[in-house]
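Provide a 3D model corresponding to the input given below.
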Amino acid sequence: MLIPELPGYLIALGGEEYLGLIISLFTLTAGLSRPFSGKLADKIGRIPVMVFGASVCFVVSLLYPVMTTVAGFLFLRFIHGFSTGFTPTGTSAFVADIVPMHRRGEALGMHSLFATMGMAAGPALGGWLATMYSINVLFVVSAGVAILSILILIRLNETLPQKEPLKLSMFRLKKDELLERRVLHPSMVLFFVVFPFGIVLTITPALSEFVGIANKGLFFAVFTIASMSIRFFAGKSSDRFGRIPVLKASATVLFLAMIVVAFATTKWQLLSGAVLFGLATGMGSPTATAWTIDLSLDAYRGRALATMYIALEAGIGLGALISGTLYSPSTKNFGLVFGLGAGAALLALAYLFFVVPKRKKEDA
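Numbering: from 1, shown residues only. Below is the predicted model:
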């Protein structure tokens, strides 16, 4: 709901030069908190981790209208990252706990389908609320949606078999608790394929305005609807044909999407790129998550998913930071920043074709 309107809000506060930090600060905190959320999900349970993340979203959304300086806004973006640092880790582990292995891709495709429904409705609703009412109304509604999430979560039954009480010692991380080495392959691929997502989150609101789209959330709505249309099918396909072939297809479509967006000069060209981007995202996200769970041990599932999400946050954050810096802002640089996204998609393909088979052979 918030993302399409935040660049304009920050510019209105006088922070035009900090556009890249809107996403990168958020993902920095999310990434830093992942080892803790993964460990806690494996110790105290999936549901407390999810509830904490949703609670952060509620509190921070209410604070945006109060912190009306550039520094205050950037501080809240940093704190807001804890929501993503905790909730998805617990959610993915919860889903993995309750589905059979041979239907894991299908289940995660369904799980991500509902997440995508939120991402499709959110930007469009957020743009409408900000246009018809005010951005402060948007912030309050965002807090209300977070409350609805919490009300659902507290009614669920915990899936972790043996929970431990929360202890201060759980916040002290050992070296081997920072990352789960078993899932480095899917994590690296995910890093490359979400790098363009950071670019899209940061730059497409400006590009949408440049090509004459009034509602800056329209691009997000179109790509998430396209993503919804394929997620369930992609998840089932990865169960049947394997994770790597589906990820190769995803990276190929992602490359084409970035090329189309880089050269878009009209509304329909940009929205065509949004469709391709949505298809690539819909194929890649649930498949990478399923691959991660495939490689993880049950006892360290939270840690494995946290490692995957660290790669996700690093990719999105760097994509946002670098694209925000390169953009300047100047409309002449649209091709450059989205061309960078196309390059990241090619790196994902190269990793899948050359690095993964080599590592598998060495492990054998």
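
Show me where this structure dips below the pLDDT cut-off.
Confidence mapping of the chain against pLDDT under 70 gives the ranges 120, 358-364.

any idea where the helices of it begin and end?
6-13, 21-43, 46-63, 70-98, 104-132, 135-153, 184-210, 218-241, 243-262, 267-295, 301-327, 334-350, 356-363 (DSSP state H).

need the ones you listed in JSON lines with mean neighbour count, can you?
Just so you know, the C-beta spots here come from the backbone N, C-alpha and C atoms, and that holds for glycine as well. Output for those, formatted as JSON lines (neighbours: other CB atoms under 10 Å):
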{"stretch": "helix 6-13", "mean neighbour count": "18"}
{"stretch": "helix 21-43", "mean neighbour count": "24"}
{"stretch": "helix 46-63", "mean neighbour count": "22"}
{"stretch": "helix 70-98", "mean neighbour count": "22"}
{"stretch": "helix 104-132", "mean neighbour count": "20"}
{"stretch": "helix 135-153", "mean neighbour count": "17"}
{"stretch": "helix 184-210", "mean neighbour count": "25"}
{"stretch": "helix 218-241", "mean neighbour count": "22"}
{"stretch": "helix 243-262", "mean neighbour count": "22"}
{"stretch": "helix 267-295", "mean neighbour count": "24"}
{"stretch": "helix 301-327", "mean neighbour count": "25"}
{"stretch": "helix 334-350", "mean neighbour count": "20"}
{"stretch": "helix 356-363", "mean neighbour count": "10"}
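
of all these, which lies closest to Leu173?
The minimum distance between Leu173 and the helices of the chain falls on helix 21-43, with 5.5 Å, by CB to CB.

Using PDB, list the CA coordinates for the closest one.
Backbone C-alpha positions of helix 21-43 (Å, rounded to 0.1, in the frame of the first residue of the first chain) are rendered in PDB as follows:
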ATOM      1  CA  LEU A  21      17.100   4.700   1.000                       C
ATOM      2  CA  ILE A  22      13.300   4.100   1.000                       C
ATOM      3  CA  ILE A  23      13.800   0.500   0.100                       C
ATOM      4  CA  SER A  24      17.400  -0.100   1.100                       C
ATOM      5  CA  LEU A  25      17.000   1.000   4.700                       C
ATOM      6  CA  PHE A  26      13.900  -1.200   5.100                       C
ATOM      7  CA  THR A  27      15.700  -4.200   3.600                       C
ATOM      8  CA  LEU A  28      18.900  -3.500   5.600                       C
ATOM      9  CA  THR A  29      17.000  -4.000   8.900                       C
ATOM     10  CA  ALA A  30      15.100  -6.900   7.500                       C
ATOM     11  CA  GLY A  31      18.400  -8.600   6.500                       C
ATOM     12  CA  LEU A  32      20.000  -7.800   9.900                       C
ATOM     13  CA  SER A  33      17.100  -9.300  11.800                       C
ATOM     14  CA  ARG A  34      16.800 -12.500   9.700                       C
ATOM     15  CA  PRO A  35      19.300 -14.600  11.700                       C
ATOM     16  CA  PHE A  36      17.400 -13.700  14.900                       C
ATOM     17  CA  SER A  37      14.000 -14.400  13.400                       C
ATOM     18  CA  GLY A  38      15.200 -17.700  12.000                       C
ATOM     19  CA  LYS A  39      16.600 -18.800  15.300                       C
ATOM     20  CA  LEU A  40      13.600 -17.700  17.300                       C
ATOM     21  CA  ALA A  41      11.200 -19.400  14.800                       C
ATOM     22  CA  ASP A  42      13.100 -22.700  15.500                       C
ATOM     23  CA  LYS A  43      13.100 -22.100  19.300                       C
END
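
elements contacting that helix?
helix 6-13, helix 46-63, helix 70-98, helix 184-210, helix 301-327 (3 or more CB pairs under 8 Å, 6 or more residues apart in numbering; DSSP states H and E).

Give me the number of neighbouring residues for the residue nearest to Lys163 when sequence neighbours are not counted.
Distances taken as CB to CB, 6 or more residues apart in numbering put Gly45 closest to Lys163, at 4.8 Å, once the chain neighbours are dropped. A count of neighbours around Gly45, defined by other CB atoms under 10 Å, yields 23.
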